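1. Let's see this in three dimensions:
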Amino acid sequence: MGNGETRVRGFAARAGGWSARHRWAAVGIWVLFVVLAMGLGSAAGRVDVKDSDQLPGETHTAAKIIEDAGIEEPASETVLIQAKDAGVKATDPEFRAAVDAVIEAVGATDAAADIQSPYDTRTISADGRSALVQFDIRGESDTAGERVEPVLKAVEGVQKDHGSLRIEEIGGASMMKTFDDAFGDDFQKAEYSAVPVALGILLIAFGALVAALLPVLLAVTAIMATMGLMGIVSHVMPMSDTANSVMLLVGLAVGVDYCLFYLRREREEREAGRDAQTALRIAAATSGRAVVVSGVTVCVAMAGMLFTGLAEFEAMGLASLMVVAVAMVGSVTVLPALLSLLGERVEKGRIPFLRRRGRKNGTGPGKSSGESRFWGAVLKGVLARPVLAVVVAAGALLAIAAPAVGMKTQNLTLDQEFGDSLSIVQTYNRVNDAFPGGSDPAEVIVKADDINAPEVRSALADFRERAISSGASRGPVEIKTHDEQNVAFVYVPLVGGSDLDKAGESLDKLRDDVRPATLGRVDGVDAPITGQVAGSKDFNDQLVGSVVPVFVFVVVFAFLLMLLSFRSLTVAITSIVLNLLSVGAAYGILVAVFQHGWGASLVGAEGVGAIVSWLPLFLFVILFGLSMDYHVFVVSRIREARLRGRTTKDAIAHGVVTTAGVVTSAAVIMVAVFAIFGTLSMQSMKQMGVGLAAAVLIDATIIRGVLLPAVMALLGERNWYLPKWLHRLPDLTHDESADAVAGEQPPAVEEEGERVGV
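-> Okay, here's the model as predicted:
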């Protein structure tokens, strides 16, 4: 059978072959697809997740009432006037003069409305040393940060005139402006720097500019196409800025990885003496297939987020799923066409001092030039003592994962998120110390047929009284009524303040005791309780309830995909166990660093006593998917070597050392990109960056370089075990050995009963 006559099975091989034969058509179709997706997406516009759909439970009900009523809540601001000397009280003339000066200065800006004196609202602390002037910023709350600067300057002016007092402003608008000024470009810079970092690492890996640009080009075009598709899909399932950022991260990671796998295999075959056409066919049938299996598995993992019941997670899951699918299709279609077009020109733009490795070592077909000396040495020791390697590696990972047993999750408070790096955080802490819960009160959204009916008015008064007498609040409880919409807003400062555990107990009293005894007794009244503490609780409750279905969906479907793709029960089981071990180690590192503070200073962080609520489930889905990239690639190479007649032990050694270079390059890119997010100022972003970077590093080294080969060496031929009763399963292997694709006859593989499933 000649080279040009070889027919191979499988989507990747056929797609690669067609693209190589119809090069300009394949490139043109891809460009047209990207342009059309972007154009249609831009024309359709993007529909974002509504506030009322962001959170579940009572928080959702409250937001829905406000949305349906057409009430636009203005951004509320507070000015803290606090005596520096314990002897000065709010009743002193100097203090009163400062309060009057604040009210006059804020009112003169024309940016404030509904200014309230602490002497009217009774917002004076129990010790008499602190008072709050409260007001709203005119206009839409979403853009209030753009209009608050004159007010901030006015308050600063009053502070200069009253040196014996502390006069500071805090609120939704001032925090928005402060964070935009301090961190507004933080996240965007990290996103933009990810591409140059990936390109730099690829330049080192390939030593040629054109070869390094191909993976980045594929990833960027896949991201661009997905952005357009997100606009179209958002009319069915709303998207968000967070989903966009996660899509960019995942798209860059898998887009570069898939192209890297494909391109390195094609180069390796050419270095081993194959002609360009044969090398491309081999890459399509081997690495191309690994890309398809990996891509489908990652898509399944991302789909797990659709089972959370949280609109933000659903948007992230769908956006990530789409970019992985686009990158996967691009890798097995347009990439072969580009490689066929470029030929030897893929080596253009050689970087000085980075000589092309391996060509001089390739002495003929089948001779690998990509073997890693370092991993060859490591593997020699691992395969010589596989039991010791398993015990040491698994023991180390279990020890790293151990802290995860005590994981505590919550939505981070302002001081946890930003520390004391900003003066407004210190103001936030002072307000909470003087008025526990005052900066983040619970909000009771009361909807009635007639909000001014006597029984409703009486119930509101009873609620205000019982909220304080029950111990849930120390007051003052403020009520704002919207007569036209028959809606009332009740603001209840919770005992516990910024301590979410204690504040949560106060919230439970309001929901379970105070509300049923007051507002709950009036027919036709709906009174969901929302606010930061309530939102955190509802979010956590929803996440906890979704953990099991998400976990089961991802694990079961990943298991089935591995079983069908490799036709080995053993490979499927070990894949799941090793990936779970990798995720567990990442959890352990997160808890140790960010919850307990062990070594937190090494990553510029601090122990905040908790992991941000959304991160554990997010990490599980993302890491489980990305881990499959390496696993499928390595195991595919091992299986390919086994098909070519090597013993299982030799196949393991060959598969690991020949993939070590590309896996290391891919891992370094991922670790570098994720580590960028670990440098951001927000603790939640640090946690995400460190967790992802640590997990990928562990996965590419301890898991794939030590534990996987050691476990497979111990299992021997049982790696390929498939029970007879599973032989009826669909055969999705659809791969050929490199020799078969090249038109050469591979050595026969001796079957050992039912254990040799290859």
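2. Just give the closest residue to V550, not the sequence neighbours.
-> Nearest in space to V550, with sequence neighbours left out and distances taken as CB to CB, 6 or more residues apart in numbering, is G304 at 4.5 Å. Glycine gets a C-beta too; all of them are placed from N, C-alpha and C.
3. quick one: contacts for that neighbour?
-> 317, 550-551, 553-554, 621 (CB atoms under 8 Å, 6 or more residues apart in numbering).
4. can you rerun that using 7 Å?
-> For G304, the contact set (CB atoms under 7 Å, 6 or more residues apart in numbering) comprises 317, 550, 553-554, 621.
5. The stretch 151-300 of the chain: strands as residue ranges?
-> 165-171 (DSSP state E, counting those that start in this stretch).
6. longest helix of the chain?
-> In the chain, taking DSSP state H as the definition, the longest helix is helix 532-566.
7. Would you mind pulling up the elements that whichever helix or strand comes after that helix packs against?
-> Using DSSP states H and E, the helix or strand that follows helix 532-566 towards the C-terminus is helix 569-590. Using 3 or more CB pairs under 7 Å, 6 or more residues apart in numbering; DSSP states H and E as the contact definition, the elements that helix 569-590 packs against are helix 386-401, helix 532-566, helix 615-643, helix 683-698, helix 708-715.
8. and the second one, which residues are buried?
-> Buried residues in helix 532-566, counting neighbours by 16 or more other CB atoms under 10 Å, are found at 532-540, 542-543, 546, 550-551, 553-555, 557-558, 561-566.
9. Show me what it packs onto, helices and strands only.
-> With contacts defined as 3+ CB pairs under 7 Å, 6+ apart, helix 532-566 has these neighbours: helix 57-69, helix 287-303, strand 409-410, helix 500-509, helix 569-590, helix 615-643.
10. any idea how far the residue nearest to V550 lies from P549?
-> With the distance defined as CB to CB, to the nearest Å, G304 ends up 8 Å from P549.
11. Over to L152?
-> Using CB to CB, one obtains 47 Å as the distance from L152 to P549.
12. Measure how far stretch 293-300 is from the centre of its chain, please.
-> In terms of CA atoms, centre = their mean, to the nearest Å, the gap separating the centre of stretch 293-300 from the centre of its chain is 17 Å.
13. Put the alpha carbons of it into PDB.
-> Listed in PDB are the C-alpha atoms of stretch 293-300, where the atom choice follows Å, rounded to 0.1, in the frame of the first residue of the first chain:
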ATOM      1  CA  VAL A 293     -10.900  12.800  22.500                       C
ATOM      2  CA  SER A 294      -9.400  15.500  24.800                       C
ATOM      3  CA  GLY A 295     -11.700  18.200  23.300                       C
ATOM      4  CA  VAL A 296     -14.900  16.200  23.700                       C
ATOM      5  CA  THR A 297     -13.900  15.300  27.300                       C
ATOM      6  CA  VAL A 298     -13.200  18.900  28.200                       C
ATOM      7  CA  CYS A 299     -16.500  19.900  26.600                       C
ATOM      8  CA  VAL A 300     -18.300  17.400  28.800                       C
END
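14. Measure how buried F11 is and give me the count.
-> Neighbours of F11 under the rule other CB atoms under 10 Å: 15.
15. re earlier: of all the helices and strands packed on helix 569-590, which one is nearest G171?
-> Using CB to CB as the criterion, the shortest distance between G171 and the helices and strands packed on helix 569-590 is 13.4 Å, found for helix 532-566.
16. what's the angle from the closest one to helix 500-509?
-> Helix 532-566 and helix 500-509 are oriented at 110 degrees to each other (axes from the mean of the first three to the mean of the last three CA atoms, to 10 degrees).
17. Can we start the residue count at 391 from this point?
-> With 391 as the first residue, the last one maps to helix 922-956.
18. starting at the chain centroid, how far to helix 922-956?
-> If you compare the mean C-alpha spot of helix 922-956 with that of the full chain, they lie 14 Å apart, counting by CA atoms, centre = their mean.
19. cool, and stretch 434-449?
-> Here the centre of stretch 434-449 is set off from its chain's centre by 18 Å, with CA atoms, centre = their mean.
20. tell me the mean pLDDT over that stretch?
-> Across stretch 434-449, pLDDT averages out at 79.
21. distance between the ends of it?
-> The stretch stretch 434-449 measures 30 Å between its terminal residues, going by CA to CA, to the nearest Å.
22. Residues in contact with the helix or strand hosting V421: which ones?
-> Per DSSP H and E, V421 falls inside helix 413-434. Under the contact criterion CB under 7 Å, 6+ apart, helix 413-434 has outside partners 409, 611, 614-615, 617-622, 625, 720, 723-724, 727-728, 730-731.
23. Thank you, goodbye.
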